[in-house]
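# have a look at this fold, sequence not included:
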């Protein structure tokens, strides 16, 4: 009986480092399939290096056919160990929806990032406003703009729905009916003659107890006609009378008769002359009579003063008529600015504090700085009104029924420097 041979225990081959290197190299082959032929080659190479009965790797051996099929399947990408390390406990994974792939972004949950500023988005702002409105909190400007038309909502004649659009249109079109300096083209008349004519028409207007709109339209018709037609000195008063006849027919319910104007002119002109001049004026102006005069803006801007008293109203009209009488004023400034400056100067004269409000600025479109020069001019006219040779405006507003506002002392700070 043969002795049983002791089992041969394979010793650890020499060159263990080389074997480990081979194993690392084998690890790099990825998903290359192990066929029988390839497995035999690996064993032969191991024996040449002194390794017996040791398989370099323990991998399933595949058939050659199966290996060919495996080659057709694309190999999966081997992810390095650094990329599959678990994130630290204080980091979160942030997924960007724009790039569509997962990115890691460490975020410290306890301490905000240094140097990062909080940016408010539109959604957060709108949400905050909605919450404020739900709680009854109104976001208001520094000074509230008063709704001046709320009391006239039920008044159909006030046309509250269209009033803002109407005055925007007036501001856009006021230059179409505004006259520019035409005295240089009039050889036979001058600015002094014009002022005398307007002064006389103020008395005629008060004698007939006509509407304020009639007076302002009369002056507008005179100036527009004189800017288009050269006249003689003798025709100037006839043009003034005929212009008031036209304005009365346009504005008044009961217009004065032509013969009444003949009497007031001391029969200097006949009724036929007045009617012929009326027709000529209308033809020259192309029947364009719906114009934004200073009175159109005065009525709106006085209302924007918020419950003005009678003294303020009378002072505004007094300063405005002084400006209309003065030729340089209508040349330098638009009707809306003259009206706004009259309101500003009146409030300043009567010490109505504040002199200019956000409500007035909103409805007039003018700031206090824009009106200062024109207001100084009007206050200067008020200062000299008592000593002027043209007394019609001063007499009119010195009467008790106009509050005697002409007798008020003009503010010294608005007096023009000499």
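Everything's here; your move. Quantities reported herein were computed from a predicted structural model and do not represent experimental measurements.

# list of residues touching the strand or helix carrying residue 371?
Residue 371 is located in helix 368-384, with elements delineated by DSSP states H and E. Residues outside helix 368-384 that contact it (Cβ atoms under 8 Å, 6 or more residues apart in numbering): 318-320, 322-323, 325-326, 329, 332-333, 337-338, 340-342, 344-345, 348-349, 355-356, 361, 406, 410-411, 414-416. Where you see a C-beta, it was placed from the backbone N, CA and C, and this is true even at glycine.

# list the buried ones in that helix?
For helix 368-384, the neighbour count (16 or more other Cβ atoms under 10 Å) marks 370-372, 374-383 as buried.

# give the helix, strand or coil label for residue 154.
Following DSSP: H, G, I helix; E, B strand; the rest coil, the label given to residue 154 is coil.

# count the neighbours of it for me.
7 (other Cβ atoms under 10 Å).

# could you do residue 207 as well?
Count around residue 207 with other Cβ under 10 Å applied: 11.

# pretty sure it contacts residue 264?
Yes: under the criterion of Cβ atoms under 8 Å, residue 207 makes contact with residue 264 at 6.9 Å.

# any shared contact partners between these two?
By Cβ under 8 Å, 6+ apart, no residue touches both residue 207 and residue 264.

# show me what whichever strand or helix holds residue 247 is packed against.
Using DSSP H and E, residue 247 maps to helix 236-251. Under the contact definition 3 or more Cβ pairs under 8 Å, 6 or more residues apart in numbering; DSSP states H and E, helix 236-251 sits against helix 191-207, helix 212-226, helix 258-264, helix 271-284.

# lowest-confidence stretch among those?
When those are ranked by mean pLDDT, helix 258-264 comes last with a mean of 91.

# so, low pLDDT: which residues of the stretch 101-250 of the chain?
Applying pLDDT under 70 to the stretch 101-250 of the chain flags the ranges 101-143.

# and this protein, what are its domains?
By the assignment in automatic domain parsing, the chain contains the domains 16-72, 189-284, 294-414.

# closest to residue 168 out of those?
domain 294-414 (9.0 Å; Cβ to Cβ).

# could the domains of the chain go into a markdown table alongside distance to residue 155?
Shown next, in a markdown table, are the domains of the chain (distance: least, Cβ to Cβ, whole Å):
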| stretch | distance to residue 155 |
| --- | --- |
| domain 16-72 | 90 |
| domain 189-284 | 19 |
| domain 294-414 | 13 |
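
# and the ones you listed, which is most packed in?
Among these, ranked by average contacts under mean count of other Cβ atoms under 10 Å, first place goes to domain 294-414 (a mean of 19).

# what mean pLDDT does it have?
Mean per-residue pLDDT for domain 294-414: 91.

# and the helices and strands packed on helix 236-251 as TSV, adding distance to residue 297?
Below are the helices and strands packed on helix 236-251 laid out as TSV (distance: least, Cβ to Cβ, whole Å):
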stretch	distance to residue 297
helix 191-207	19
helix 212-226	10
helix 258-264	28
helix 271-284	24
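
# which residues are contacting the helix holding residue 247?
Under Cβ under 8 Å, 6+ apart, the answer for helix 236-251 is 189, 193-194, 197-198, 200-201, 204-205, 208, 210-211, 213-215, 217-218, 221-222, 225-226, 231, 255-256, 258, 261, 265, 268-269, 273-275, 277-278, 281-282, 289.

# could you redo the last one with a cut-off of 6 Å?
For helix 236-251, the external contacting residues (Cβ atoms under 6 Å, 6 or more residues apart in numbering) are 189, 197, 201, 211, 213-214, 217-218, 221-222, 255-256, 261, 265, 269, 274, 277-278, 281, 289.

# helix 191-207 and that helix, what's the angle between them?
40 degrees (axes from the mean of the first three to the mean of the last three Cα atoms, to 10 degrees).

# between helix 236-251 and helix 271-284, how many degrees?
Using the same axes, to 10 degrees, the inter-axis angle of helix 236-251 relative to helix 271-284 is 70 degrees.

# can you give me the distance of the closest residue to residue 327 other than its chain neighbours to residue 182?
Leaving aside its chain neighbours, residue 327 sits nearest to residue 191 (4.1 Å; criterion: Cβ to Cβ, 6 or more residues apart in numbering). Distance, residue 191 to residue 182, by Cβ to Cβ, to the nearest Å: 10 Å.
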